[in-house]
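Peer 1: quick one, structure for this:
(chains A and B)
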Amino acid sequence: MSDVILDVRNLRVEFKTQAGTRPVLDDISFSLKRGERISFVGESGCGKSMTALALMSLLPSIGRIASGQILFKGEDLAAADESRLQNMRGNEISMIFQEPMTSLNPVFTIGNQISEVLKRHRGMDHGTALATAIKLLDAVKIPDAKARINDYPHQLSGGQRQRVMIAIALACEPEILIADEPTTALDVTVQAEIFDLLRDIGARTDTAIILITHDIGAVCQMAERMLVMYAGRKVEEGPVQTIVEAASHPYTRGLISCVPHIRSDISTLPDVLPEIDGIVPSITSFGKNQCLFAPRCDRLTQKCLDQQPPSTSIATATVKKDAPHNVACWNNHGTGA
Amino acid sequence: MAAKTKLATLQNAARDQEDNDAIKSQHPAVEIWRMFIANRAALVAMVVLVCIILLAIFGPLFYPTDPFEMVWMPFTPPGTDGFILGTDYLGRDLLAGLLHGGRVSITIGLVAALMSVFIGISFGAFAGYYRGYVEEVLMRITEFFQVLPTLLFSMVIVALFGASLQIITIAIGLVSWTAVARITRAEFLRIRELEYVTASRSAGATNFKLIFAIILPNALPPIIVQSALMVGSAILFEAGLAFLGLSDPNVVSWGQIIGSNRTYILDASYTVTIPGLAIFVTVLAISLIGDGLNDALNPKLRQR
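Peer 2: Okay, here's the model as predicted:
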């Protein structure tokens, strides 16, 4: 069960902007095992969604993969041609999006849209595909699936639409499912249901899940490992429990303390909810040889401005060998405290 | 125990009731048709257009008078001496002219509109989807056709290649596709950025599929409206060319009747107003059908 299906090595994605070419993803490495659930965390504009789009080779036209490898079962997707990628998308790696309200095509019935992927990747005829679509709708717990396959997206609620999106994404039993903030547009109860569903199906079909979110609560519910991103760089990586209990990077600590009493030893329910001052730097300062979090950091030293901190492993008693706890900070909080 | 069985029976009955109440969903084509005929104006327009087309096809068979033959006194008013619509300045039967002319006018209108829709959608779709150089080239070509004075351009084509029906149809199609191209491109630019397009791409759709099966159906409503208007304007355009004497002299069309009788508009206004009315009614009917089609094709308006 420990076989690695996705191994991203030193991925660098550049955007061509008016200020020149800037890296939106700077030296990102991580690996994913079959059936594993990993979560990407960070504020808006940190490169979480870009990582997802890069994995699918769906980068916007101003972006390109400058260097690095995306090894999917040993095959480098960063170097694959378009027809190979088209066969891969929705089949071996699939993705669900942030906005269920707009992610479905309004002019086709949902049955039509689910069976489309099956016809495309599995070569099914219309009848078989529709029958499979009904089963899939059942699997994502849409009541009365048989009648609902003839519904148009506008006849469904937001939660139901996200379920349909999940059905489409899972139709071809992909090995990796990328969920880009799948519950941001939904209310909290629906959010819990969707997470239950994803965890359930993921466990049953042994699908690895990459969850992209800014919600630490969601991470705790969903993921085994987490990867904290800031300004296109990986700042901390490790098992969710270790990081929540003993975050080492000041940014991660900041993120966690922003959530009301997730861990009482970090956030002791003050009157005013803490926040991280300032905002994510604009893309023009991405890629500098310094710590990009420095302007907002309370542990800032001269060294942070002179040199980019490398990602180093820190030893913790709870850390297992196959899931190291890495942090990129000169003045990290160490293993706890 | 007995109470429990009773409850179960009742629940079953309730469920059966629910099943019966569930609306059996129909084939999309059936629903589109139901929605279309629910729109009274579109339905009436459809009936009118079908009548006009049937008259144009079969009318000349049952009313074999030659529209070019001088059959009676000039300027016989409608309804006198057995001529339902009267005669024109040369004593030619106006009803025969209207029936024969309908064939030409409607054919030119439909074929020219179809042609410009085809060219316009191709240009607009590829330009809007691929952007970059493809868009630059395609849109510059579109602009080239757009800045040409349409009437002058079609006159040149007709003058160069001869005033046959085919050439006239092609000339009309060539000068009127730019509007469709621009509308299609604008819709593609808007829709290609929508999330469901990215979602489809992430599900493995090819470019061809994205253009024609994902984006185009969503871009159709304004294109349909524009196309319906274009049938009308193509008929009017042919009328304009015929009015200037640039149409095929061997066939009669509605525009040609207006053109040849224009000198007598004050003395015998019916010779101009009758074919004018025919054009008006046809164009109006096609526009209303386009409207109805637009509503019927929009799933959000298709209520159960």
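
Peer 1: what residues does the stretch 101-250 of chain A have near chain B?
Peer 2: A:102-109, A:116-117, A:120-121, A:144, A:147, A:150-152, A:154, A:165, A:168-169 (Cβ under 8 Å from any Cβ of the partner chain). Backbone N, C-alpha and C define where each C-beta goes, glycine included.

Peer 1: would you list the buried entries among those?
Peer 2: Burial by neighbour count, judged by 16 or more other Cβ atoms under 10 Å in any protein chain shown, picks out A:102-105, A:107-109, A:116-117, A:120-121, A:150-152, A:165, A:168-169 from these.

Peer 1: just checking, which of the residues of the stretch 101-250 of chain A next to chain B belong to helices?
Peer 2: Among those, DSSP state H puts A:116-117, A:120-121, A:147, A:165, A:168-169 in helices.

Peer 1: for chain B, what helix or strand is lowest in average pLDDT?
Peer 2: Within chain B, confidence by mean pLDDT, DSSP states H and E is lowest for helix B:2-21 among all helices and strands, at a mean of 68.

Peer 1: skipping adjacent residues, who's closest to the residue in the stretch 151-300 of chain B that chain A sits nearest to in space?
Peer 2: Using Cβ to the nearest Cβ, the single residue of the stretch 151-300 of chain B nearest to chain A is B:Ala203, 3.3 Å away. When the adjacent residues along the chain are set aside, B:Ala203 lies closest to A:Gly90, with 3.3 Å between them (Cβ to Cβ, 6 or more residues apart in numbering or on different chains).

Peer 1: quick check: that neighbour vs B:Gly204, distance?
Peer 2: According to Cβ to Cβ, to the nearest Å, A:Gly90 stands 4 Å off from B:Gly204.

Peer 1: can you check A:Cys304 too?
Peer 2: 44 Å.

Peer 1: just the terminal-to-terminal distance for stretch B:237-252.
Peer 2: From its first residue to its last, stretch B:237-252 covers 15 Å (Cα to Cα, to the nearest Å).

Peer 1: go through that stretch and flag the buried ones.
Peer 2: Within stretch B:237-252, the residues scored as buried using 16+ other Cβ under 10 Å are B:237-243, B:246-248, B:251-252.

Peer 1: coming back round to it: overlap of the contact sets of A:Gly90 and B:Gly204?
Peer 2: Taking Cβ atoms under 8 Å, 6 or more residues apart in numbering or on different chains as the criterion, A:Gly90 and B:Gly204 both touch A:117, A:120-121.

Peer 1: and B:Ser260, how many residues sit next to it?
Peer 2: Residues lying near B:Ser260 (other Cβ atoms under 10 Å in any protein chain shown) number 20.

Peer 1: what helix or strand is it on?
Peer 2: Assessed by DSSP states H and E, B:Ser260 sits inside helix B:254-261.

Peer 1: from the contact counts, what lies against that helix?
Peer 2: helix B:94-130, helix B:216-243, helix B:270-297 (3 or more Cβ pairs under 8 Å, 6 or more residues apart in numbering or on different chains; DSSP states H and E).

Peer 1: out of those helices, flag the one nearest B:Leu43.
Peer 2: helix B:270-297 (7.4 Å; Cβ to Cβ).

Peer 1: buried sites along the closest one?
Peer 2: Quick answer for helix B:270-297 (16+ other Cβ under 10 Å): B:270-272, B:274-276, B:278-279, B:282-283, B:285-297.

Peer 1: low-confidence ranges in the stretch 51-200 of chain B?
Peer 2: The stretch 51-200 of chain B contains residues with pLDDT under 70 at B:71, B:73, B:76, B:79, B:81-83.

Peer 1: show me where it has its strands.
Peer 2: Remark: strands of the stretch 51-200 of chain B are absent; assignment by DSSP state E, counting those that start in this stretch.

Peer 1: which bits of it sit near chain A?
Peer 2: B:131-132, B:194-196, B:198-200.

Peer 1: now render these as a markdown table, adding neighbour count and distance to A:Val235.
Peer 2: As requested, these are exported to a markdown table (neighbours: other Cβ atoms under 10 Å in any protein chain shown; distance: Cβ to Cβ, whole Å):
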| residue | neighbour count | distance to A:Val235 |
| --- | --- | --- |
| B:Arg131 | 15 | 35 |
| B:Gly132 | 9 | 36 |
| B:Leu194 | 18 | 33 |
| B:Glu195 | 17 | 29 |
| B:Tyr196 | 24 | 33 |
| B:Thr198 | 20 | 28 |
| B:Ala199 | 26 | 30 |
| B:Ser200 | 26 | 34 |
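
Peer 1: in helices only, show me those.
Peer 2: B:132, B:195-196, B:198-200.

Peer 1: which residues sit in contact with A:Asp27?
Peer 2: A:Asp27 neighbours (Cβ under 8 Å, 6+ apart): A:10-12, A:68, A:233-234.

Peer 1: then B:Asp291?
Peer 2: By Cβ under 8 Å, 6+ apart, the residues touching B:Asp291 are B:39, B:41-42, B:225, B:228.

Peer 1: make CSV out of the residues you listed and add pLDDT and neighbour count.
Peer 2: Supplementary listing: the contacts of B:Asp291 in CSV, determined by pLDDT from 0 to 100; neighbours: other Cβ atoms under 10 Å in any protein chain shown:
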residue, pLDDT, neighbour count
B:Asn39, 81, 20
B:Ala41, 86, 14
B:Ala42, 87, 23
B:Val225, 81, 16
B:Ala228, 82, 21
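
Peer 1: and those residues near chain A, which?
Peer 2: Of those, not one also sits near chain A (Cβ under 8 Å from any Cβ).

Peer 1: of these, closest to A:Ala294?
Peer 2: Of those, the one sitting nearest to A:Ala294 (Cβ to Cβ) turns out to be B:Val225, at 56.7 Å.

Peer 1: could you find the closest non-adjacent residue to A:Ala54?
Peer 2: A:Val13 (5.2 Å).

Peer 1: what residues sit buried inside the helix or strand hosting that neighbour?
Peer 2: For A:Val13, the host element (DSSP H and E) is strand A:4-17. By neighbour count on 16+ other Cβ under 10 Å, the buried set for strand A:4-17 is A:5-9, A:11-15.

Peer 1: re the thing from before, of the ones in helices among the residues of the stretch 101-250 of chain A next to chain B, the lowest pLDDT goes to which?
Peer 2: Minimum pLDDT for those is recorded at A:Ala147 (85).

Peer 1: for chain B, what's the nearest residue on the stretch 151-300 of chain A?
Peer 2: Closest contact between the stretch 151-300 of chain A and chain B, by Cβ to the nearest Cβ, is at A:Tyr152 (4.2 Å).

Peer 1: setting aside sequence neighbours, what's the nearest residue to that residue?
Peer 2: A:Tyr152 sits nearest to B:Pro299 (Cβ to Cβ, 6+ apart), 4.2 Å away.

Peer 1: now for that neighbour, how many residues are close by?
Peer 2: 20.

Peer 1: and the next element down the chain from the strand holding A:Val13?
Peer 2: Counting by DSSP H and E, what follows strand A:4-17 is strand A:20-33.

Peer 1: how far away from the center of its chain is that following strand?
Peer 2: Centre-to-centre, strand A:20-33 and its host chain are 13 Å apart (Cα atoms, centre = their mean, to the nearest Å).

Peer 1: just the buried residues of it, please?
Peer 2: So for strand A:20-33, counting by 16+ other Cβ under 10 Å, buried means A:22-30, A:32-33.

Peer 1: one more: stretch B:119-136?
Peer 2: B:119-129, B:135.

Peer 1: return the residues in contact with the residue nearest the centre of chain B.
Peer 2: Per Cα atoms, centre = their mean, the C-alpha nearest to the average position across chain B is that of B:Ala228, at 3.3 Å. When contacts are counted by Cβ under 8 Å, 6+ apart, B:Ala228 touches B:286-287, B:289-291, B:293.

Peer 1: make JSON lines out of those and add pLDDT.
Peer 2: Listed next are those as JSON lines, based on pLDDT from 0 to 100:
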{"residue": "B:Ile286", "pLDDT": "88"}
{"residue": "B:Ser287", "pLDDT": "85"}
{"residue": "B:Ile289", "pLDDT": "87"}
{"residue": "B:Gly290", "pLDDT": "84"}
{"residue": "B:Asp291", "pLDDT": "83"}
{"residue": "B:Leu293", "pLDDT": "82"}
